[in-house]
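# build the 3D model from these lines:
(chains A and B)
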Protein chains: 2
Amino acid sequence: MSLAFDIAARDGAARTGTIRTPRGDIRTPAFMPLGTAGSVKAMLPENVRETGADIILGNTYHLMLRPGAERIAGLGGLHKFMNWPRPILTDSGGYQVMSLSDLRKITEDGVTFRSHIDGSEHFLSPERAMEIQRLLGSDIQMVLDECPAYPATEAEIEKSLSLSMRWAKRSKAAFGAQDHRACFGIVQGGTFAHLRRRSAEELQAIGFDGYAVGGLAVGESQRAMFDTLEATAPHLPGDRPRYLMGVGKPDDIVGAVLRGMDMFDCVLPTRSGRNGQAFTREGALNLRNARFADDPAPLDASCRCPACRQYSRAYLHHVVKAGEIIAAMLLTWHNLAYYQDLMAGLREAIANGRTAAFAAEIAAVYARTAARQD
Amino acid sequence: MSLAFDIAARDGAARTGTIRTPRGDIRTPAFMPLGTAGSVKAMLPENVRETGADIILGNTYHLMLRPGAERIAGLGGLHKFMNWPRPILTDSGGYQVMSLSDLRKITEDGVTFRSHIDGSEHFLSPERAMEIQRLLGSDIQMVLDECPAYPATEAEIEKSLSLSMRWAKRSKAAFGAQDHRACFGIVQGGTFAHLRRRSAEELQAIGFDGYAVGGLAVGESQRAMFDTLEATAPHLPGDRPRYLMGVGKPDDIVGAVLRGMDMFDCVLPTRSGRNGQAFTREGALNLRNARFADDPAPLDASCRCPACRQYSRAYLHHVVKAGEIIAAMLLTWHNLAYYQDLMAGLREAIANGRTAAFAAEIAAVYARTAARQD
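From the prediction side, this is the model:
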């Protein structure tokens, strides 16, 4: 185990602590902005850090296709390439092979697919996925898994899970023993509690530095996701980080923390920022809405980001409507600051034993906004 | 005259000095980045300032259509709206009415046109152009002129010039006397020396705080532009700022400074930055070029901008190819830093009496790049 994980406080199933890596500490619960193709979209990395991020996520699928893992290794690794000296977690590429590429062919050995960029053919196996992540210089590497489509039958999920568990074993063998880097397994099993338990147990038998929960946030209800977490978390080791992949909206994250999750990534704050949507202490706001055209108020009066300190909602409305790049820059910055403030709020609430009250506040805000539909 | 203009040194026809405005000093020769629609594209204003810009340009045409001059006035003016507390020069809208809008109809009174955004009909007269600039809170306001198409016959240019001079008089009358703001006239006359002289003299008879040279950088050769400046500058007052509108490439600007121009604006550094082009001490580079894919060197080793200090050419090549927003952000920042360094170099060269040598260096670099065609 190359990652030290110090849990400082617990509140029910929720925990707050610090994951220690050679490239820096990760305060948990942690949100990891997406640095998809070597850039957290519309942000300079020093500003990502300013929002409070301790770690970002890089996508193996995108980076293997362009500019290529060997090229990044030749240039000194992903951290140097993209000017982010702190921890990077990389996914295995499996999820995006399923969602973005064409002509996938999955065999026991791995998956053959065509690039969504230029149609070129590529092959990803558990061994190659780990090799790519090693070439990138990733601090936390993920096993290759198969991500079944949603919805799927129990038989389909079971078959996919079995393959993912065999791939997990091969991934770990390929990862080997590395002093300064960690390898996480990924629990699959759809929304079937017994399959999640089986997956969690099989992964522990292999032994990983941390455990991710995959195959959620693919279309199931929030209730189904929470139920699945409740059925999974008790079967994961208490002293290892738990990473819920691809989640989510603020109230999803809060609910998952209540159920024992420690790490998160999601496209929402960055993608929404590019689409004129802001997460605020009033809920989600769509800056395209004409009601903001003459609004001199800041986006979120209690936020410390430049979008909120230096501009009005009227300005943000204008630049969103005009398609100005600064709209993506400011709203992405704000959304990442909001998410990091949310995580800081969760860490403090857990330390003070008031996580449930904090969670209820966030859920109420987001329930109100959903009803207002802006 | 509300602008103090202190000329500190001359070298031949070139001059260096300081324009003093209530919102701050403008060191000349000065380059004004375009803040077209309320944003210097892909830049935060504090970073525009970091590059060394003392003043930016706002476009009356864009801002009158969206979000509207009265709206910006209601929100406290353009400086506050876009978070740029330093001087702003606004154009009159005339040039962009000609180049961007549909169904223009020009009469003695003004120009009726349809918005390129939504097809709505608008009217711009000399009086309305000045009113809009006053509502925006512009520090340096430009008279409305007619910008003839290029090429045009002498008779067409003469007719257009006569209208522009009548509009200049009406613009100045509408501007009135304002203590804290300045109004510039615009010399027209195509590439006809006698018309340029006539225009310069007629404008002086009206009396302006500064004099712009318009109607260049519309397709004529660099030689024709320089000849026109040589035929115009001697007929402008020596103690007032001279602004060459819409120019240009680095060697265009240097040549114009040699011929007595003080202020410049151009879309090139910002637009090129969004298109993967960089201006460097080696000349213009196209970062799309495959020869940069594995190049670990900085874009421009002697540049102090973040793109050059923190990234390799290989990274910039990658983000340009991948269409990442950070490519526009970093290359725009670099290009603006390059342009501001160029102006600082010119100011120093003029102060030290070595402007011709400085100009020859820049011209040689850009002649080389043009030959290399990347």
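# list the helices and strands the helix or strand hosting A:H79 packs on?
Mapping A:H79 onto the secondary structure by DSSP states H and E places it in helix A:78-82. With contacts defined as 3 or more C-beta pairs under 8 Å, 6 or more residues apart in numbering or on different chains; DSSP states H and E, the packing partners of helix A:78-82 are strand A:88-90, helix B:313-321. C-beta coordinates here come from the backbone N, C-alpha and C atoms, glycine included.
# using PDB, list the CA coordinates for the helix or strand just after the shortest one.
In other words, strand A:88-90. Using DSSP H and E, the helix or strand that follows strand A:88-90 towards the C-terminus is helix A:94-100. Listed in PDB are the C-alpha atoms of helix A:94-100, where the atom choice follows Å, rounded to 0.1, in the frame of the first residue of the first chain:
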ATOM      1  CA  GLY A  94     -12.600   1.700 -20.300                       C
ATOM      2  CA  TYR A  95     -15.500   3.900 -19.700                       C
ATOM      3  CA  GLN A  96     -14.800   6.200 -22.600                       C
ATOM      4  CA  VAL A  97     -14.000   3.400 -25.000                       C
ATOM      5  CA  MET A  98     -17.600   2.400 -24.300                       C
ATOM      6  CA  SER A  99     -19.100   5.900 -24.600                       C
ATOM      7  CA  LEU A 100     -17.100   7.600 -27.200                       C
END
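# who are the packing partners of helix A:94-100?
In terms of contact count using 3+ C-beta pairs under 8 Å, 6+ apart, helix A:94-100 is assigned the packing partners helix A:60-65, strand A:111-114.
# residues in contact with the following helix or strand past the longest one?
Which is helix A:60-65. From helix A:60-65 onward toward the C-terminus, using DSSP H and E, the following helix or strand is helix A:69-74. Helix A:69-74 has contacts (C-beta atoms under 8 Å, 6 or more residues apart in numbering or on different chains) with A:38, A:60, A:63, A:78, A:81, A:131-132, A:135-137, B:293-294, B:314.
# do that again at 10 Å, thanks
Applying C-beta atoms under 10 Å, 6 or more residues apart in numbering or on different chains, the set of residues contacting helix A:69-74 from outside is A:38, A:58, A:60, A:63-64, A:67-68, A:78-82, A:90, A:128, A:131-137, B:293-294, B:296, B:314-315, B:318.
# buried members of the residues you listed into PyMOL, please.
In PyMOL, the members of the contacts of helix A:69-74 classed as buried (16 or more other C-beta atoms under 10 Å in any protein chain shown) are selected with the following command:
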select buried, (chain A and resi 38+58+60+63+64+67+68+78+79+80+81+82+90+128+131+132+133+134+135+136+137) or (chain B and resi 314+315+318)
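# got the residues of the stretch 101-250 of chain A near chain B?
Taking C-beta under 10 Å from any C-beta of the partner chain as the contact definition, the stretch 101-250 of chain A meets chain B at A:I117.
# do that again at 6 Å, thanks
Residues of the stretch 101-250 of chain A lying near chain B by C-beta under 6 Å from any C-beta of the partner chain: none.
# which stretches in the stretch 101-250 of chain A count as helices?
With DSSP state H, counting those that start in this stretch as the definition, the stretch 101-250 of chain A shows helices at residue ranges A:126-136, A:154-175, A:193-206, A:222-232, A:250-258.
# can you put the ones you listed in TSV and add mean pLDDT?
Compiled in TSV, the helices of the stretch 101-250 of chain A are given as follows (pLDDT from 0 to 100):
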stretch	mean pLDDT
helix A:126-136	98
helix A:154-175	97
helix A:193-206	98
helix A:222-232	97
helix A:250-258	97
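# between these, which one is nearest to A:L346?
With C-beta to C-beta as the criterion, A:L346 lies closest to helix A:250-258 of these, at 5.3 Å.
# what mean pLDDT does the helix or strand following the closest one have?
Next helix or strand after helix A:250-258 toward the C-terminus (DSSP H and E): strand A:263-265. The pLDDT scores in strand A:263-265 average 98.
# direction included, what does strand A:263-265 pair up with?
Within its sheet, strand A:263-265 is paired with strand A:30-32 (parallel), strand A:242-244 (parallel), according to DSSP bridges.
# what packs against the following helix or strand past that strand?
Next helix or strand after strand A:263-265 toward the C-terminus (DSSP H and E): helix A:268-274. Using 3 or more C-beta pairs under 6 Å, 6 or more residues apart in numbering or on different chains; DSSP states H and E as the contact definition, the elements that helix A:268-274 packs against are helix A:325-351.
# re the thing from before, TSV please, covering the strands paired with strand A:263-265 and showing mean pLDDT and mean neighbour count.
Conversion of the strands paired with strand A:263-265 to TSV gives the following (pLDDT from 0 to 100; neighbours: other C-beta atoms under 10 Å in any protein chain shown):
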stretch	mean pLDDT	mean neighbour count
strand A:30-32	98	26
strand A:242-244	98	27
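# residue contacts, the most far-flung residue of chain A relative to its centre?
In terms of distance from the mean C-alpha position of chain A, A:D294 ranks first, at 35.6 Å (C-alpha atoms, centre = their mean). Contact partners of A:D294, counting by C-beta atoms under 6 Å, 6 or more residues apart in numbering or on different chains, are A:A314.
# at 7 Å what do you get?
For A:D294, the contacting residues are A:314, B:71, B:74, by C-beta atoms under 7 Å, 6 or more residues apart in numbering or on different chains.
# how many neighbours does the last one have?
The one in question is B:G74. Burial of B:G74 is recorded as 15 neighbouring residues (other C-beta atoms under 10 Å in any protein chain shown).
# quick check: A:F184 touching A:Y211?
Yes. Using C-beta atoms under 7 Å as the test, A:F184 is close enough to A:Y211 to be in contact (6.4 Å).
# buried set for the helix or strand of chain A with the lowest mean pLDDT?
Every helix and strand in chain A was compared by mean pLDDT, DSSP states H and E; the lowest is strand A:102-106, with a mean of 83. Of the residues in strand A:102-106, those buried under the neighbour-count criterion (16+ other C-beta under 10 Å) are A:I106.
# indicate which one of the helices and strands packed on helix A:94-100 is closest to A:L236.
When the helices and strands packed on helix A:94-100 are ranked by proximity to A:L236, the top entry is helix A:60-65, at 23.5 Å, counting by C-beta to C-beta.
# wait, A:A200 sits on A:V187?
Yes. Contact status for A:A200 versus A:V187: in contact at 5.1 Å, counting by C-beta under 7 Å.
# now do the shared contacts for these two.
When contacts are counted by C-beta under 7 Å, 6+ apart, A:A200 and A:V187 have A:T232 as shared neighbours.
# higher neighbour count, these two?
A:V187 (34 against 22).
# mind checking how far that one is from A:A233?
Computed with C-beta to C-beta, to the nearest Å, the distance linking A:V187 and A:A233 is 10 Å.
# which strand residues bridge the residue most central in space within chain A?
Nearest to the mean C-alpha position of chain A, by C-alpha atoms, centre = their mean, lies A:D265 at 1.4 Å. Per DSSP bridges, the residues bridged to A:D265 are A:M32.
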